[in-house]
Each structure stands twice: as structure tokens, then as C-alpha cells.
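[1] Sequence unavailable; structure follows:
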């Protein structure tokens with residue numbers, strides 16, 4: 001049986017030994033010498049040159065049709081590109097036309113690190129791994145909370161190695177990345193035992209170690225690199241987006257395409273040397289990148305990197321996830337894996353389908369060029385997403401772990417419903433809508449409102465189960481569309497509707513408040529909505545509604561009198577200030593959808609959002625106020641008209 005790509009045996013051969021340093025930033029962590037072994041480095045440059053020459057020669061090896069028989073049990077997968085590549089023509093010329101672009105070649109030799117690089121990594125704590133009991137807690141949290149909806153690790157072989165040998169044989173870069181992702185879910189006692197004062201401090205330490213290893217080119221195995229950077233993409237980004245979700249997922253997708261994971265291997269020779277479990281792992285990795293790509297595109301208003309027309313890797317099945325779990329011992333299963341793996345895998349497959357439908361929506365309704373979408377496109381997309389609806393049996397699951405993941409999936413489903421109907425929430429300027437379009441607009445508004453209400457129902461159930469603390473980073477993504485609808489409802493002129501909208505918004509804010517200790521993005525979004533609500537209240541108190549300049553006909557009717565009504569005016573327009581010429585534009589454009597990626601990624605728009613005391617009523621020149629004026633939400637899915645409208649709004653409220 002082939003060993004999977006969860007670990008690299010080269011880690012132990014990279015380094016020369018060195019003594020522990022008193023500068024170790026984490027005295028409670030024990031330094032392992034597992035990754036500090038290797039040959040003396042006196043002739044290291046010549047050795048590196050030989051390694052590079054051997055690696056380059058492997059490209060020519062694939063031309064030999066019989067080379068597979070000579071490769072050891074762990075060949076490397078090489079992708080020469082599609083028909084337009086230079087290599088493809090040469091291969092066809094030498095071997096005749098082929099239906100594959102995947103070839104197997106010998107693995108490259110290990111490049112040993114220089115002593116000064118290893119010393120730097122040691123001083124950064126990269127070789128100081130937590131004690132075994134802390135590692136066990138982190139790995140358990142990873143497979144209980146991260147793996148079900150991000151199954152990018154070969155669980156069986158990883159756990160076999162971990163249970164038998166601890167962390168010593170596990171890929172170091174991948175290990176720190178897994179620790180980083182798992183820190184969100186460990187108990188506070190684990191944080192204290194590891195020597196950290198907060199969850200965020202431990203997350204920062206784990207991430208920095210992983211990033212140091214990545215930056216030093218410590219790891220060479222591409223699959224391990226892909227797995228690691230997918231997990232590192234849950235780190236928040238800076239203002240320039242140099243190390244945020246967009247950056248890391250771009251690297252992951254690029255490495256996947258370099259390996260050809262977006263293409264389905266069609267040659268029996270390749271499939272014979274790659275186990276079904278490995279092929280299933282490749283599919284899961286690729287489609288995990290696909291999911292993140294779709295939600296990143298929506299969140300940041302940037303083009304999707306993955307074009308479905310260029311890919312033919314089949315969508316993973318439940319068996320692709322569960323097959324590798326066969327053979328895991330019962331004690332290991334009970335210690336590290338959640339109940340109901342088949343049902344959890346089925347939920348993940350539904351998440352893939354929801355994300356696929358989301359990608360279709362972005363292509364159809366938010367493309368820069370091409371024909372404008374019509375009602376036919378709308379109905380087709382709606383049918384696609386409705387097929388992903390959860391069944392009554394799934395919603396009635398009794399196991400708490402399974403039910404928690406059902407609720408998680410429901411949040412993404414409801415968010416997608418709101419995104420689907422967004423184009424019909426705003427009237428189209430200078431266009432005369434047909435009676436059918438008016439009917440669809442009214443119905444779409446009601447469906448968006450219903451989806452927002454359903455989001456709150458799910459949150460109430462999670463609160464009742466005491467599982468808010470277990471919510472994943474992308475939960476912030478799923479909450480923002482519903483919160484936008486609630487905030488708009490809170491501006492109603494009808495007191496009861498206004499109070500009800502405020503009540504629903506406060507529930508979401510309460511959930512975000514609970515998540516603030518774990519996710520930087522949750523804190524940012526909380527402050528943003530807190531400030532937005534305060535501004536709306538201030539305008540209402542000042543009575544600025546009388547300054548309405550006649551543009552209230554464009555306002556959004558969340559409570560239409562009839563689906564056949566020829567009017568699209570918002571029933572409560574008189575309570576909106578003149579500066580808020582279209583409150584729906586304010587809600588959708590001002591709240592930068594960067595926050596909708598994974599929460600933490602939201603910080604890239606303005607780090608001032610996380611400063612304590614930045615949000616105070618009556619202080620117009622706070623850091624938050626400045627940042628709102630400067631950003632304009634330009635990373636969102638805005639048309640030129642929407643962008644200009646938002647600039648006008650921001651100039652008014654200053």
C-alpha cells in the first residue's frame with residue numbers, strides 16, 4: 001500500500017543538530033531533534049547543485065514509456081500541461097498522441113538546509129513542538145472540528161503515524177498548520193497548559209512557525225505544501241493582502257494546477273501506481289480549494305481563479321472521504337474521530353454543491369462583460385441551489401456533532417439564498433420592469449427576508465446546544481448577509497417592525513460577540529455593525545428624514561403589499577434620511593464583503609477596526625470613521641454606478 005502525502009520523510013534529513021536555545025519563545029514547549037538531523041554541510045553547495053540537476057532530469061524521464069516499471073514504490077506525479085504547452089507537443093511527437101498529461105517520475109532528492117537557516121528556524125521556535133498531551137488535544141480538535149468540512153488530510157495514515165510515533169514522523173510545516181487551525185476549538189485549559197494567555201496568542205504563534213517554515217522553503221513535497229497553505233489561509237490579512245486568505249489560496253490553487261489536480265488522470269498506468277485513497281485525497285484537496293475560491297470571490301469581489309471549463313476532476317463522493325477511514329482501530333476512532341463519518345461526508349458533498357451553485361451565480365449575475373442575466377437564469381440558479389436543501393431527516397439528527405454540522409451547512413445555504421436574490425433587491429436604474437419582473441422582485445425580497453430569519457433560527461438552536469463556541473471561521477461569512485437584511489429592517493417606520501429587525505440583529509451581534517475572543521474578523525464585523533446601527537439611529541433622531549430629495553422611489557420593499565404590485569417603493573421611506581438616498585445600497589455596499597470570506601480576512605480592509613474604543617457614539621473622527629470614509633467597500637461586487645452612489649453617501653454622512 002502506498003504511503004499518502006500527509007508527511008514527508010525528508011524533514012528528518014534537512015538539518016544539522018544544534019543545542020537548545022535559551023531564547024526559545026515558549027519555555028513550556030519541548031524542542032525535538034527529529035527535524036535536526038542531517039549530514040555535515042561542508043560541501044553543501046555542490047550537493048545542492050547535484051540535487052537540482054537530478055530534479056531537472058526527471059522531466060525527460062517521463063518520455064520513456066517504460067520508466068514506470070523502474071520507479072520505486074513512491075513516485076512523484078508530474079503534470080506537463082494541456083495541449084497548448086510546449087511539452088505536450090514534444091510528448092505527442094515522441095510517443096504518439098496521448099489522452100493524458102499526467103506522468104510518474106522518480107521523486108527528487110532532498111535538499112538540505114543551510115546551518116544559518118536552520119538556526120533561524122530554531123530561534124523562531126519552529127522545532128519546539130508542544131508536549132505530547134497538548135499535541136493530542138490539538139489533533140483531536142482538528143479531526144473533530146476542522147476535518148469534516150475540510151477533508152484535505154489522509155486521516156488513516158496520519159493517525160496511524162501519530163498514535164504509533166507521536167509527532168516525530170509528521171511533516172513539520174503541515175503539523176504547525178494543523179495546530180493553527182485546531183487552536184480555534186481547544187479548551188481554555190489547553191491554552192493555559194501550553195503557556196498562552198489567550199486563544200489569539202496561541203494562534204499567532206502557531207501561524208508564525210508555519211509561515212517561517214514556508215518562507216524558508218523547508219518543505220518540498222507539493223501536496224504537503226498545498227495542505228499547509230489551505231490551512232494557513234484562515235489567518236487574517238494586512239492592509240496590502242500580502243499574507244491573507246487571498247494570498248494563501250492563490251498559492252494553493254497554483255500548486256494544485258502545477259500538479260494537475262484539476263485534471264482527471266486518464267491513463268491506467270498512473271492510476272495503478274496511485275492508490276484509490278490517494279486519488280480520492282487529490283480530489284478532496286482540489287475541491288476544497290474550489291470551495292474557498294468561490295467564497296473568496298464573493299467576499300472580495302475579485303475574479304474566481306478556478307474556471308470550471310478548464311477542469312474535469314470529478315466532484316468527490318462520500319466514498320472518497322470514508323474509504324480511507326476503513327482500517328482505523330476502534331480506540332483511535334473513538335479518541336480522534338467524530339461519529340457518523342458517512343453522514344458528515346454527505347454534508348460536505350452538499351457544501352461542494354452549494355459552492356458550485358454559488359460559482360454559477362457569480363458568473364451569471366456578477367460578470368463584468370457579457371449579456372445581462374434574465375429571469376430564466378434566475379430560475380435556473382434557484383433550482384440548482386434548492387437541490388442542496390437539507391432534508392427533514394438531516395435536520396432531525398440526534399447526535400450533537402452531526403446536528404452541529406447540519407446547522408453549519410444550513411447557515412451557508414441561507415447565505416447563498418440571500419446572495420442569489422441580491423440582484424433583485426435593488427431596482428435597476430433607468431429600466432422599465434415588466435410585470436413578471438416586478439413579481440419576481442417582490443418574491444425575491446421576501447425570500448431573502450425569509451432566509452435571514454432562518455439564519456436566526458439556526459443560531460437560536462446552536463445557542464441552545466451551547467455550540468456557538470465551536471463555530472468555524474467561515475461562520476462570519478454566513479452571518480453577514482442576514483445581518484444586512486436585519487439592519488435594513490431595523491430602519492422601518494413601523495415601530496413593531498423596527499423593533500423586530502433590531503431584535504434579530506442583536507441576536508447575530510450576540511453571537512459575534514461570543515466569537516470575538518477567537519476570531520479577529522468577528523470583532524471587526526461586530527464593531528462595523530455597531531457603528532452602522534448607531535449612525536442610522538443618529539440620523540433618525542435628528543429627523544433628517546425630511547430632507548428626502550425625492551429618490552425614495554428606489555428604496556427596497558422588504559414587506560411588499562402584493563407580489564403583483566406595480567410599486568416598488570419601500571413602505572417606510574419617510575423615516576430614511578436624505579443622505580441615505582438608498583438604504584439598500586448602504587447595506588450592501590458599505591459592508592465590505594471581504595468579511596464574508598472567513599471573518600479574519602476582513603481585517604485587510606482596515607486594521608483600525610480592531611482598535612479598542614474606536615467605536616464611540618458622537619466621535620466623528622474615530623479611526624473607524626476615517627477607515628469607513630477611505631475604503632468605500634471597493635473590494636465588493638460593485639458596479640460603477642453603485643460605487644459612485646456609495647461615494648456620494650459617504651461624502652454626505654461625513
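    Structure's in. What do you need? Predicted, not measured: the structure shown is a model, and the values here were computed from it.

[2] what's around residue 487, how many residues?
    Under the neighbour criterion other C-beta atoms under 10 Å, residue 487 is assigned a count of 22. C-betas here are computed from N, CA, C, even on glycine.

[3] Tell me the confidence at it?
    For residue 487, the pLDDT comes out at 91.

[4] ok, then the element right after the helix or strand harbouring it?
    Per DSSP states H and E, residue 487 falls inside helix 475-489. As assigned by DSSP H and E, the chain's next helix or strand after helix 475-489 is helix 495-515.

[5] tell me the average confidence for the next helix-or-strand element following that next one?
    Later in the chain than helix 495-515, the nearest helix or strand by DSSP H and E is helix 520-541. The average pLDDT for helix 520-541 rounds to 85.

[6] and helix 520-541, what does it pack onto?
    Here helix 520-541 touches helix 475-489, helix 495-515, helix 623-631, going by 3 or more C-beta pairs under 8 Å, 6 or more residues apart in numbering; DSSP states H and E.

[7] what's the least confident stretch among the ones you listed?
    Ranked by mean pLDDT, the helices and strands packed on helix 520-541 bottom out at helix 623-631, with a mean of 33.

[8] Okay, buried residues for the helix holding residue 487 please.
    Neighbour-count burial for helix 475-489 flags 475-489 (criterion: 16 or more other C-beta atoms under 10 Å).

[9] Could you do stretch 339-349 as well?
    The neighbour-count check on stretch 339-349 (16+ other C-beta under 10 Å) flags 340-341, 343-345, 347-349 as buried.

[10] Can I get those residues in CSV including secondary structure?
    Output for the buried residues of stretch 339-349, formatted as CSV (DSSP: H, G, I helix; E, B strand; the rest coil):
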residue, secondary structure
340, coil
341, helix
343, helix
344, helix
345, helix
347, helix
348, helix
349, helix
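
[11] Return the member of those residues nearest to residue 291.
    residue 348 (9.1 Å; C-beta to C-beta).

[12] Near the residue nearest to that closest one when sequence neighbours are not counted, how many other residues are there?
    Spatial nearest neighbour of residue 348, excluding adjacent residues (C-beta to C-beta, 6 or more residues apart in numbering): residue 149 at 5.6 Å. Counted with other C-beta under 10 Å, the neighbours of residue 149 add up to 18.

[13] Surely residue 149 and residue 472 touch.
    Yes: counting by C-beta atoms under 8 Å, residue 149 does reach residue 472; the two are 6.8 Å apart.

[14] circling back to that earlier point, the inter-axis angle of the helix holding residue 487 versus helix 495-515?
    160 degrees (axes from the mean of the first three to the mean of the last three C-alpha atoms, to 10 degrees).

[15] And helix 475-489, what does it pack against?
    helix 400-421, helix 435-464, helix 495-515, helix 520-541.

[16] Which among those is found nearest to residue 362?
    Closest among those, once you apply C-beta to C-beta, is helix 400-421, at 8.7 Å.

[17] Next, residue 367: phi, psi?
    phi -70, psi 150 (degrees, to the nearest 10).

[18] you'd agree residue 132 is up against residue 163?
    No: applying C-beta under 8 Å as the test, residue 132 and residue 163 come out as separate, 11.1 Å apart.

[19] higher neighbour count, the two?
    Using other C-beta under 10 Å as the criterion, residue 132 and residue 163 rank with residue 163 on top: 16 against 12.

[20] Return the residues in contact with the more buried one.
    Residues in contact with residue 163 (C-beta atoms under 8 Å, 6 or more residues apart in numbering) are 329, 332.

[21] Any chance of a markdown table for the helices and strands packed on helix 520-541, columns distance to residue 366?
    Below are the helices and strands packed on helix 520-541 laid out as a markdown table (distance: least, C-beta to C-beta, whole Å):
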| stretch | distance to residue 366 |
| --- | --- |
| helix 475-489 | 14 |
| helix 495-515 | 25 |
| helix 623-631 | 20 |
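
[22] Please name the nearest non-neighbouring residue to residue 261.
    Leaving aside its sequence neighbours, residue 261 sits nearest to residue 286 (C-beta to C-beta, 6+ apart; 4.3 Å).

[23] Please report the separation between the first and final residues of stretch 209-221.
    18 Å (C-alpha to C-alpha, to the nearest Å).

[24] Return the set of buried residues in that stretch.
    209-214, 216, 218-221.

[25] Could I get these in TSV, plus columns for secondary structure and distance to residue 395?
    Below are the buried residues of stretch 209-221 laid out as TSV (DSSP: H, G, I helix; E, B strand; the rest coil; distance: C-beta to C-beta, whole Å):
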residue	secondary structure	distance to residue 395
209	helix	40
210	helix	37
211	helix	40
212	helix	44
213	helix	42
214	helix	41
216	coil	48
218	coil	45
219	coil	42
220	coil	46
221	coil	41
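
[26] least confident pick among those?
    Among those, pLDDT bottoms out at residue 220, giving 82.

[27] count of residues packed around residue 397?
    Residue 397: 18 surrounding residues under other C-beta under 10 Å.

[28] I'd say it and residue 344 touch.
    No: with contact defined as C-beta under 8 Å, residue 397 does not count as touching residue 344 (10.4 Å).

[29] just to revisit the earlier point, can you list residues touching both of residue 149 and residue 472?
    residue 408.

[30] Tell me how far the residue nearest to residue 467 when sequence neighbours are not counted lies from residue 413.
    The spatial neighbour of residue 467 that comes closest, neighbours along the chain excluded (C-beta to C-beta, 6+ apart), is residue 404 at 5.1 Å. Per C-beta to C-beta, to the nearest Å, residue 404 is found 15 Å from residue 413.

[31] And for residue 396?
    Distance from residue 396 to residue 413, by C-beta to C-beta: 16 Å.

[32] Kindly report the same for residue 128.
    To residue 413, residue 128 is 42 Å away according to C-beta to C-beta.

[33] now swap in residue 488 and tell me
    21 Å.

[34] residue ranges with poor pLDDT in this structure?
    Across the chain, the ranges flagged by pLDDT under 70 are 1-111, 237-241, 266-273, 426-433, 542-654.

[35] Per the annotation, how does it divide into domains?
    With domains defined by automatic domain parsing, the chain comprises 9-41+112-336, 44-105, 341-653.

[36] circling back to that earlier point, when you compare where the helix holding residue 487 runs with where helix 400-421 runs, what's the angle?
    50 degrees.

[37] Give the burial count for residue 378, as a bare number.
    Neighbour count of residue 378, defined by other C-beta under 10 Å: 20.

[38] Could you tell me the angle between the helix or strand that it is a member of and helix 400-421?
    Remark: residue 378 resides in helix 375-386, with elements defined by DSSP H and E. Relative orientation of helix 375-386 versus helix 400-421 (the same axes, to 10 degrees): 180 degrees.

[39] The helix or strand following helix 375-386 - contacts with which helices or strands?
    Per DSSP H and E, the first helix or strand lying C-terminal to helix 375-386 is helix 392-395. Contact here means 3+ C-beta pairs under 8 Å, 6+ apart; on that basis helix 392-395 packs against helix 400-421.
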